[in-house]
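1. Sequence first, then the predicted structure:
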Amino acid sequence: MQCVACGARYPPHPRLVRCPRCGGLLDVKVEPARPPSWRLWEQRRPGVWRYRELLPAVSGVKPVSIGEGATPLVELENIGRMLGFRRLYAKNEGQNPTGSFKDRGMTVAVTLAKAAGARALVVASTGNTAASVSAYGARAGLRRIVVVPRGKTALGKLAQSVLYGADIVEIEGSFDDALRAVMEAVGRDARLYPLNSFNPWRLEGQKTLAYEVVEALGGEPPDWVVVPVGNAGNISAIWKGFRELHRHGLIDRLPRMAGVQAEGAAPLARAWRKGLNEPLFVDKPETRATAIRIGHPVNWPKAMRAVRESNGVFTMVSDREILRAQAMLARLEGVAVEPASAASLAGLIKLVEEGVISSDETVVIVLTGHGLKDPQAMLEAGARRYVAAGVEDAVKLVTSLAGG
Ligand SMILES: N[C@@H](CCOP(=O)(O)O)C(=O)O
């Protein structure tokens, strides 16, 4: 393992999640025991563990798995046609077991944590990470503690953590406050094992999204991958996945990465626009897209590197654009996503308008979480709703609507 800040190297260990020397982020380097190949992988069941040559070794341990990964790459036929694309796809991560991409990382990191003897898992969360750790921790028989912003966590996500039986700490403050609290607690009590995305083992699982995209596209990478950015772990992990495929000769070129933030929570996109190398942190982030309402993204060095190395871009979109994109996905493609996920479509539309992405390129947008996570946002989408006084009235309404 190597620190991305000071360059110090360490022998890999699941307990090692930050650089002991400088506190920086760590990068895991997996050296495969045998060469990875598409032919080998094709013989296995689809899902995260199909790619085990490029995942941390968990020899002798049964993975803590609930069927994560193998999510559909949906061709966005109607939106694609509208925007002039011939090859526009959405990787629908909402179809993971707890409804978000976090499950890819959690299956790997919880497996390692359990093998390393962890007793209590802990995360700060806007909701999805909490739901995921609550489920995987339950499966592993471990205690799980989630710290979420009080009154600011989408109902579906909170309900998941309740049902999965986590201990829920609701903090008066933002996600960034929750993360500070978790880091402080982990520093004070060695029984706690943190599972936010600064834990590099989690990102190892998340990188498999890149492998699946290439596999679904017949061995070819897309030209662009567009990803919503909150705590900035996913864009870093996906880029790592593509780089590894390239390093092992499984693809011969790399995609460009586009990171999309909400205007009210855009420390990376604002810095990018000004040509800065460090984020313009936001102390009071605000956006309807709760999953990316983050002002101090912990993975910013990795995310900056991903976008810079890939010759990509950061951009930001308004809440209005996000909610419009959410409605487009649902009403034109039948794909229900939470608002943060729709940031990727809103960002794509902006980048096409600005001439950064061209409609003759192959683009994959990442849809990070299911629409049911945030039922309130779904209801706010504004349906045509009618009240019928009884059966006869309902019949009249339905038949009149048939011609409408
Ligand atoms: N949106 C996230 C925020 C935490 O991100 P993580 O990837 O560091 O766990 C969430 O769902 O909690």
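-> Good, I have the coordinates.

2. alpha carbons only for contacts and neighbour counts from here, please
-> Noted.

3. mind checking how far residue 82 is from residue 91?
-> From residue 82 across to residue 91, the span is 19 Å (C-alpha to C-alpha, to the nearest Å).

4. who's more crowded, the two?
-> Comparing residue 82 with residue 91 by other C-alpha atoms under 10 Å, the one with more neighbours is residue 91, at 23 against 9.

5. Tell me which helix or strand the more buried one sits in.
-> Assigned by DSSP states H and E, residue 91 falls within strand 88-92.

6. Also residue 178?
-> helix 175-188.

7. What is the distance between that helix and the centre of its chain?
-> 21 Å (C-alpha atoms, centre = their mean, to the nearest Å).

8. can you pull the buried residues of it?
-> For helix 175-188, the neighbour count (16 or more other C-alpha atoms under 10 Å) marks 175-179, 181-183, 185-186 as buried.

9. before we move on, what about stretch 261-276?
-> Neighbour counts over stretch 261-276 (16+ other C-alpha under 10 Å) mark 261-272 as buried.

10. Throw those residues into a markdown table and include pLDDT, distance to the ligand and secondary structure, thanks.
-> Formatted as a markdown table, these follow (pLDDT from 0 to 100; distance: C-alpha to the nearest ligand atom, whole Å; DSSP: H, G, I helix; E, B strand; the rest coil):
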| residue | pLDDT | distance to the ligand | secondary structure |
| --- | --- | --- | --- |
| 261 | 99 | 12 | strand |
| 262 | 98 | 13 | strand |
| 263 | 98 | 16 | coil |
| 264 | 98 | 15 | coil |
| 265 | 98 | 12 | strand |
| 266 | 98 | 14 | coil |
| 267 | 98 | 15 | helix |
| 268 | 98 | 15 | helix |
| 269 | 98 | 17 | helix |
| 270 | 98 | 19 | helix |
| 271 | 98 | 20 | helix |
| 272 | 98 | 21 | helix |
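
11. Residue 258 belongs to a strand?
-> Yes: looking at residue 258 with DSSP: H, G, I helix; E, B strand; the rest coil, it is inside a strand.

12. Report the mean confidence score over stretch 280-293.
-> For stretch 280-293, the mean per-residue pLDDT is 98.

13. does residue 145 count as helix, strand or coil?
-> Quick answer, by three-state DSSP: residue 145 is strand.

14. cool, and the one 3 residues further on?
-> Judged by three-state DSSP, the three-state class of residue 148 is strand.

15. if we take the buried residues of helix 175-188, which one ends up nearest to the ligand?
-> When the buried residues of helix 175-188 are ranked by distance to the ligand (C-alpha to the nearest ligand atom), residue 175 comes first, at 7.2 Å.
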